[in-house]
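In: structure for the following, please:
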Amino acid sequence: MLISLEIRNFVLIDKLKINFVSGFNVLTGETGAGKSIIISALELITGEKGSTRAVGNSGDKLFVVGTFNITYAHPFIKEHLISKSIDVSTNELVLKREITRDGKSRSFINNSSVRVADLKDLGDILVDIHGQHEHQSLFNPNHHLHYYDSFLNTIALREEYKQSYNKLLKLEKQYKEIMDNKNAIMKEKSFLTYVYEEIKKTEIEENEDEALTNQIYMMSNAEKINESLSTASKDLYGSTNGAYSKILKATQILSELASHDTRLEEIANQLDAISLNLDDIKPILSDILHKSNFNPAKLDSLNERLFTINTLKKKYGGSIKEILSYFNEIKDKLEVLDFSDGDIVNLKEDINTTSKEASRLAKQLSEKRHQLKIEFVSKIEKEMKDLGMGDTRFDIEITSEEDEEGLLEIDGKRYKASNTGIDNLEFIIAPNKNPIFMPLRKIASGGEISRIMLSLKTVLADGDYSETMVFDEIDTGVGGSIAEVIGQKIAMLSQKKQILAVTHLAQIAIYGDLHFKVIKEDRVDSINSTIEQLSTEKRINEIARMIAGKEITSTTIEHAKEMLNSTKKNSERDF
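Out: Numbers count the residues shown, from 1 in each chain. Coordinates of the predicted model:
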């Protein structure tokens, strides 16, 4: 449930924060006041596209923050959040979106930076927004299957089918690529195998070239190095004149004199530490001196090894690290290319098994869609009748297309399929007792579309994940008693869902549990939109304005009170 919405520097809004309740929140205001801007802000934090043009005049950045309470959210929503490593222990969810004037956009969920796509994924199940664009979705048959499947509660089955179908597509693609490119693949495999074996047999190790270079240098200069090392060793460890012997002697003398001056004892200790270091150095120096002996055969072997490595560098990378990286890439690619005729047979068997499974699931989906069609149509027509469309009949046209090349086979026939199954579905209506059904997109008016959309959402409410439902001027094209019925329907929906509704009709606004008015302020150099939560008196005045326009009289005031008192939800209030 949406707890609050904070908006800063967004279009006409400088700064505002709205706190919502769990029932029916209604937003009204004069045309152009900025009612739909608030809905646009909510759309922004649920992943819709943003624009730099939305950045207002009060800075170089806009931001919108929405705070949700998910204590009673559908388990699927919490599972979705947990799968994205989002903490749900506090049952609070904060969505934030920032856009700068220079086009930079940042998105956050609980203060963690995320992609806009992540906001979109979450927003699609968290908030159900219906505006003019949503009405247009009813004209697109591609959306009809989604609406109908929401009623059927086939999410688990549809997801299982989708995974099976996508696996089938992947296997078919792999099989086609293998068969179409078998010769080319074999040539590539032969080349990569040669390279793989060439690198493998050298058994090169990282930084080996540096070690070889040092060894070659030492051996090439062995005589000079040997002479220098011998001199150094003699100077350090000569029997009587070596530094080591002299340090030992000096240490002994200073230790004997330490009783006369404590500083001498400290110096003796330091010299003793030096003699210990010289003890450690002696075997190392001896080892280097021993290995510095010139060995022509060994030198040739080292040079040959370095030449081999440098050759590989020229062919496969500028360093051993790059060669080893290329070697691992080849290894992975060879595993993909490593197939035989037996592997092709196994792949074909896997395709057949997956095709049977996908076909079985597609059949289940299709059967369920046909079985529950009458129940769905009956519920929609009941809602439409309540909304003044009793003479209009509603139906669903479900078709499937046979295709000899289709991937799925059901009852001996092959069908064209997609990741939603084999069914094509479209809503059709026969208005005003017309015996001929026609596609909704061809004959429905704006007012009819609004009412059909409300009928759909009323029927689908129980199977919908989202706790919050938003209606942005769903009353387009209607008025009078039908508008009041729409208000009643939305009020009934608000017993199951949190409702936010933007309306210009008093017949709908009177059913709100909380009434906000959006106000446009004309400033010297700008226009600003603000919002006010209406008191009882101000709400009466706003309803009166919606009834009569700017000319509010005592008669319209009384009419507004009567309308508010007439609502069942407000029957215990005295306006």
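
In: what is the helix or strand hosting S455 packed up against?
Out: Applying DSSP states H and E as the criterion places S455 in helix 446-460. With contacts taken as 3 or more C-beta pairs under 8 Å, 6 or more residues apart in numbering; DSSP states H and E, helix 446-460 sits against strand 127-130, helix 132-137, helix 141-152, helix 373-386, strand 423-430, helix 480-493. No exception for glycine: its C-beta is placed from N, CA and C like everyone else's.

In: list the contacts of the residue nearest the centre of the chain.
Out: Centroid-nearest residue in the chain, with C-alpha atoms, centre = their mean: D118, separated by 2.8 Å. By C-beta atoms under 8 Å, 6 or more residues apart in numbering, the contact set of D118 is 47, 84, 107, 109.

In: looking at these, spot the one nearest A358.
Out: Ranked by distance to A358 (C-beta to C-beta), the contacts of D118 are led by K84 at 28.2 Å.

In: that closest one and I125: what is the separation?
Out: 12 Å (C-beta to C-beta, to the nearest Å).

In: the two: which is more packed in?
Out: I125 (18 against 13; other C-beta atoms under 10 Å).

In: the residue nearest to the more buried one when sequence neighbours are not counted: which element?
Out: Excluding the flanking residues, the one nearest I125 by C-beta to C-beta, 6 or more residues apart in numbering is Y465, at 4.5 Å. Assigned by DSSP H and E, Y465 belongs to neither a helix nor a strand.

In: check whether Y465 really touches I70, as I assumed.
Out: No. Using C-beta atoms under 8 Å, Y465 makes no contact with I70, being 11.3 Å away.

In: now list whatever residues contact both of these two.
Out: Contact with both Y465 and I70 is made by residues I77, according to C-beta under 8 Å, 6+ apart.

In: just the mean pLDDT for the helix or strand where the residue nearest to the centre of the chain lies, thanks.
Out: In the assignment (DSSP H and E), D118 maps to helix 116-126. For helix 116-126, the mean per-residue pLDDT is 88.

In: any idea which helix or strand of this structure has the worst average confidence?
Out: Within the chain, no helix or strand scores below helix 132-137, which has a mean of 56 by mean pLDDT, DSSP states H and E.

In: per-domain residue ranges of the protein.
Out: Domain ranges of the chain: 1-135+463-534, 202-334, per automatic domain parsing.

In: now, of the ones you listed, which is deepest in the fold?
Out: Stretch with highest mean neighbour count among these: domain 1-135+463-534 (a mean of 18; mean count of other C-beta atoms under 10 Å).

In: could you work out the end-to-end span of that domain for me?
Out: 21 Å (C-alpha to C-alpha, to the nearest Å).

In: any low-confidence regions in the stretch 51-200 of the chain?
Out: 131-138, 181-182 (pLDDT under 70).

In: run the last query once more with 80
Out: 76, 130-140, 142-143, 155, 177-187 (pLDDT under 80).

In: what segments of it are strands?
Out: Along the stretch 51-200 of the chain, the segments classed as strands by DSSP state E, counting those that start in this stretch run 61-69, 92-100, 105-109, 112-114, 127-130.

In: tell me the contacts of Q495?
Out: Here Q495 is in contact with G23 (criterion: C-beta under 8 Å, 6+ apart).

In: check it and give its pLDDT.
Out: For Q495, the pLDDT comes out at 90.

In: that one and Y511: what is the separation?
Out: Applying C-beta to C-beta to Q495 and Y511 gives a distance of 11 Å.

In: just Q215 next, same as before
Out: Separation of Q215 from Y511 (C-beta to C-beta): 90 Å.

In: just after the helix or strand harbouring I284, pick out the following helix or strand.
Out: Element membership for I284, per DSSP H and E: helix 262-291. Where DSSP H and E defines the elements, the next helix or strand beyond helix 262-291 is helix 296-316.

In: so what touches that next one?
Out: Counting by C-beta under 8 Å, 6+ apart, 195, 198-199, 202, 204, 208-209, 212-213, 215-216, 219-220, 319-320, 322-323, 326-327 sit against helix 296-316.

In: follow-up on the earlier one: show the average pLDDT along the helix holding S455.
Out: 80.

In: buried set for that helix?
Out: Using 16 or more other C-beta atoms under 10 Å as the test for burial, helix 446-460 gives 447-460.

In: do stretch 143-162 as well
Out: Across stretch 143-162, burial judged by 16+ other C-beta under 10 Å covers 144-145, 147-152, 154, 157-158, 160-162.

In: now do the contacts for the residue nearest to I125.
Out: 74, 76-77, 125-126.

In: redo the residues you listed as TSV? Include distance to M563.
Out: Below are these laid out as TSV (distance: C-beta to C-beta, whole Å):
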residue	distance to M563
H74	35
F76	39
I77	37
I125	36
L126	33
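
In: now do the helix or strand encompassing S255: which elements does it pack against?
Out: Assigned by DSSP H and E, S255 belongs to helix 243-257. If you count contacts as 3+ C-beta pairs under 8 Å, 6+ apart, helix 243-257 packs onto helix 222-237, helix 262-291.

In: check those for me: which has the lowest mean pLDDT.
Out: In terms of mean pLDDT, the lowest-scoring of the helices and strands packed on helix 243-257 is helix 222-237 (a mean of 77).

In: quick check: angle from that one to helix 243-257?
Out: 10 degrees (axes from the mean of the first three to the mean of the last three C-alpha atoms, to 10 degrees).

In: name all residues that make contact with the residue lying closest to F10 once chain neighbours are set aside.
Out: Using C-beta to C-beta, 6+ apart and skipping the chain neighbours, the partner closest in space to F10 is L62 (4.6 Å). When contacts are counted by C-beta under 8 Å, 6+ apart, L62 touches 8-10, 54-56, 98-99.

In: now render these as JSON lines, adding distance to V88.
Out: Converted to JSON lines, these look like this (distance: C-beta to C-beta, whole Å):
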{"residue": "R8", "distance to V88": "27"}
{"residue": "N9", "distance to V88": "30"}
{"residue": "F10", "distance to V88": "28"}
{"residue": "A54", "distance to V88": "30"}
{"residue": "V55", "distance to V88": "32"}
{"residue": "G56", "distance to V88": "33"}
{"residue": "E98", "distance to V88": "23"}
{"residue": "I99", "distance to V88": "27"}
